[in-house]
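**Q** Any chance you can model this:
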Amino acid sequence: MCCILQYASLHGQIPQFQFRAETGTGTYELLDGTGVFDSSLLVRQLPGTPAPTQGISIGSTHDSSLLQVTSVSSSGSIALLNGGAGPDFFASNIYGDGFTMVAVFSFDSSVTIDFTTEQAVAVASYSLIPSALVGILDGATATLSFSDTVGSPGAPVVENIVTVAGQSSVPECIPGVITLTPTISVGDCDGNLVLDADEIAADPSLDCNLNGFLDDCDLVQGYDTDMNNDGVPDSCECNFPNQLTCTRIPGELLIELTWGDSSSPVQLFRDGVLIASLIDGQTSYIDDGLPCSCSVDYMIQKECDNAQIATETCTFDWLEQHPDFGFNYSAESVDQNYTLVQGGAPTVVAVDLFIEGTVAQGSPCAPAATHGYSMSMSHDPTLLSVMDLELAGEMLSVSPDYVSFAIGNDNTANSSGDVGWCMGVLYSLDPVGGGVPGGPALETVTYETRKLVARVTYEAACGDWQNSGVTDLQFEGLALNDSSPPIDNVVGVCGVVYAPVLATPSAQVEIIKGPEQPLFIRGDCSNQGSINIQDAVLMLNYLFSSTEITCADACDADDDGLLNLVDPLFDLMFIMGLGPMPPAPAGVCGADPSQDSIDCAASVSNNCEDPCPFEDCSNGIDDDLDGLTDCEDFDCEGTSDCP
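**A** Predicted structure coming up:
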């Protein structure tokens, strides 16, 4: 109290002070109207003798439709009292339209504060009423005033005063103005109050690196750099300066890749598989891995400093023979041997044709995927005649787009004297090496095993074979037509052709002349040399009156091995044009190709002359006029007469 009494006796009047609410700025969220800001309350002693103050009380008000106080705390010199614990007494009350606060620096008046220099004594934190500013683009102002009437009705009034020497000094009060501006704090990096996502949705080019930020913001706000000063974020410019090229080194089984950029590291891929990682700034690479397909897709890849990935690609088309690929053509007689049919009907011989793909030992490749092939095969026209050529086996499931056959049995039909057959097959008519963009893949066939592709049918006439024997078939290039180029045996892969391995001979057909058999015309029951009503009548008389017949086989018109009413009806239907011709031998004399229990009498000629006689192995006669009689004739080997 001494010091207080001394101050009062010396100065005789109360010092004057100024309360001021801090003027400043704040922001609010345009989209939801939320926002917060702080405002300091400052105290300053007006000019005069410095006065040691003992405490203060403040009442502050604001627009309750716009703001609300969330907290009030001491600050400045007051907050530092008592070693940072603050004044001996500090209390605040928050109301809808403002707040009050009281601070007593020391209960025993031993601590005072000099406000000759303006100091903050408290900080008030405010939040905006969200509904007040939602969508308001023009901003707003909030006035923070001082009032002695803030508080709840009936509560003690807290006045704006400063306590000095036990007396109250009423301060000059200066309100503060807070200028509020709208913002979008999240998603509006350029601050134009339009969401970046909306801007990018309207114009995707504004976000070239697809990071969700506008490119201008990437640069201005330091999200990205622009080392070449072209206005484009570096993250959008990760690339190789040159294109990747891939070329075959002349005379070598090597492919050179060149990109001319010393960036490091660089990864190289072949058909999606990593083949090298280069770390020494190389600008080219030699690939010694031969491709196993028609084309090879290469890619180089690097990671830029901005963590973006740059890639370059090129495709090398393999347009020459692959040293690891090969093929085998083979042919095989369907039956081990063929027995000639006696008489005029020729014997049918079937030969199957095969393709097999091969690869060199140690090669990483599988057999090549082929796009087509051609085949040609010769034969001895004095012993065989080509009758038919058809696709078989694998080709039936492929259903090629293009198939062409040529057959020649006459060596005088062309200047080359060639006889045989030729065929060409393309699985797809799309250009080799590529189809329609976006369309189906080019059709290929892989011959990883020996696969059947076609069957050729020959005929052997008994008149052409004096004795049993073997004839050769040979895969070889043939020119069956002078107006067309020769057809070679080749397989197409990747736009180039491969000559397959061909055995010599490629196949053999064994022909056996069987023992002599009775000759007849089926349906010619009367042995008159043709089928007419007389044959049907004789069959009926045989069935119902036991009339004698000399050749039961001839009367078995339907070749079912039985003699019954069906046989005369079969003949009658054929005679009237209402049914088919009887089975072989039909129309011409021949032996019975069917095994059944009925036969013809060997001693009856049935009005047939044998155009190619067979050796009777027990009659002592050279029947086939080959200079050999009975068991001397090779045709009789293994028969019952010549075991």
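**Q** so what's the closest residue to Glu548 other than its chain neighbours up against?
**A** In space, and not counting its chain neighbours, Glu548 is closest to Tyr542: 7.7 Å by CB to CB, 6 or more residues apart in numbering. C-betas here are computed from N, CA, C, even on glycine. Contact partners of Tyr542, counting by CB atoms under 8 Å, 6 or more residues apart in numbering, are Cys525, Glu548, Ile549, Cys555, Leu563.
**Q** Also Ala197?
**A** Gly187, Gly212.
**Q** measure it to Leu268 for me?
**A** 39 Å (CB to CB, to the nearest Å).
**Q** Tell me which helix or strand the residue nearest to Glu548 sits in.
**A** Per DSSP states H and E, Tyr542 falls inside helix 533-545.
**Q** got the buried residues for that helix?
**A** Asp535, Ala536, Val537, Leu538, Met539, Leu540, Tyr542 (16 or more other CB atoms under 10 Å).
**Q** Return the member of these nearest to Ser618.
**A** Using CB to CB, Tyr542 is the member of the buried residues of helix 533-545 that lies nearest Ser618, at 31.1 Å.
**Q** confidence score at that closest one?
**A** Tyr542 is assigned 94 on the pLDDT scale.
**Q** do the same with Pro437
**A** Residue-level pLDDT assigned to Pro437 equals 45.
**Q** do Thr112 as well
**A** pLDDT, Thr112: 91.
**Q** Look up how far Ile487 lies from Ser416.
**A** Per CB to CB, Ser416 is found 11 Å from Ile487.
**Q** any residues in contact with both of those two?
**A** Common neighbours of Ser416 and Ile487, using CB under 8 Å, 6+ apart, are Leu478, Ala479.
**Q** So which of those two has more stuff around it?
**A** Taking other CB atoms under 10 Å, Ser416 and Ile487 do not tie; Ile487 has more neighbours (23 against 15).
**Q** Mind listing the residues bridging to the more buried one?
**A** With DSSP bridges as the criterion, Ile487 is bridged to Leu478.
**Q** My guess is Gln18 contacts Leu46. True?
**A** Yes. Contact between Gln18 and Leu46 holds when scored by CB atoms under 8 Å: they sit 6.0 Å apart.
**Q** Need the residues touching each of these two.
**A** In terms of CB under 8 Å, 6+ apart, Gln18 and Leu46 are both contacted by the residues Glu172.
**Q** Count the neighbours of Leu319 for me.
**A** 13.
**Q** same deal with Gly577?
**A** Gly577 has 6 neighbours, counted by other CB under 10 Å.
**Q** and what of Pro381?
**A** Count around Pro381 with other CB under 10 Å applied: 16.
**Q** just the one 5 residues further on next, same as before
**A** Val386 has 22 neighbours, counted by other CB under 10 Å.
**Q** What's opposite it in the beta bridge?
**A** Residues in beta-bridge contact with Val386 (DSSP bridges): Tyr458.
**Q** Ok, the one 5 residues further on next?
**A** Under the criterion DSSP bridges, Leu391 forms beta bridges with Ala454.
**Q** Start at 471, not 1
**A** Right, with 471 as the first residue, what we last looked at is Leu861.
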